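In: sequence unknown, structure follows:
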């Protein structure tokens, strides 16, 4: 008998839905990988600015590319809070969005959607 893997497909949720949608639920591993991706992108942006000697055009592009990063920084924890059965508004309290990645989500369906790991 084959054991069920934690790394199952997330209800056909695309990368853009994971990063930019405020609806649905995501499990812990998706939360952490998405958050690490955002941090990596931010560090890469800063390295480019430093290497280009604070070029005004590059700085402008940095601000433009930071807008989707900021949206993702809120959307990812909101979906994680939904998996815990909590309102996404909790994300406005500092560190709640980060702490929510430490706890296991609700098993089964809650008011924010189906269990992303299909644990019924």
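Out: Here it is on my side, so go on. Just so we're clear, the structure is a prediction, and the values are computed from it rather than from any experiment.
In: how about low-confidence regions in this protein?
Out: 1-12, 54, 119-120 (pLDDT under 70).
In: right, and the helix or strand after whichever helix in the chain runs longest?
Out: Ranked by number of residues, the top helix in the chain under DSSP state H is helix 56-83. With elements assigned by DSSP states H and E, the helix or strand that comes after helix 56-83 is helix 96-99.
In: From residue 30, how far off is the residue nearest to the spatial centre of the chain?
Out: Nearest to the mean C-alpha position of the chain, counting by CA atoms, centre = their mean, stands residue 76 at 2.6 Å. As judged by CB to CB, to the nearest Å, residue 76 and residue 30 stand 8 Å apart. Yep, even glycine has a C-beta here, placed from its N, CA and C like the rest.
In: Can you work out which residues contact both of these two?
Out: residue 18 (CB atoms under 8 Å, 6 or more residues apart in numbering).
In: Please name the residues that touch residue 106.
Out: Per CB under 8 Å, 6+ apart, neighbours of residue 106: 83, 84, 85, 115.
In: which of these count as buried?
Out: With neighbours counted by 16 or more other CB atoms under 10 Å, these contain buried members at 83, 84, 115.
In: about what we covered before: buried sites along the longest helix of the chain?
Out: So for helix 56-83, counting by 16+ other CB under 10 Å, buried means 62, 69, 72-73, 75-83.
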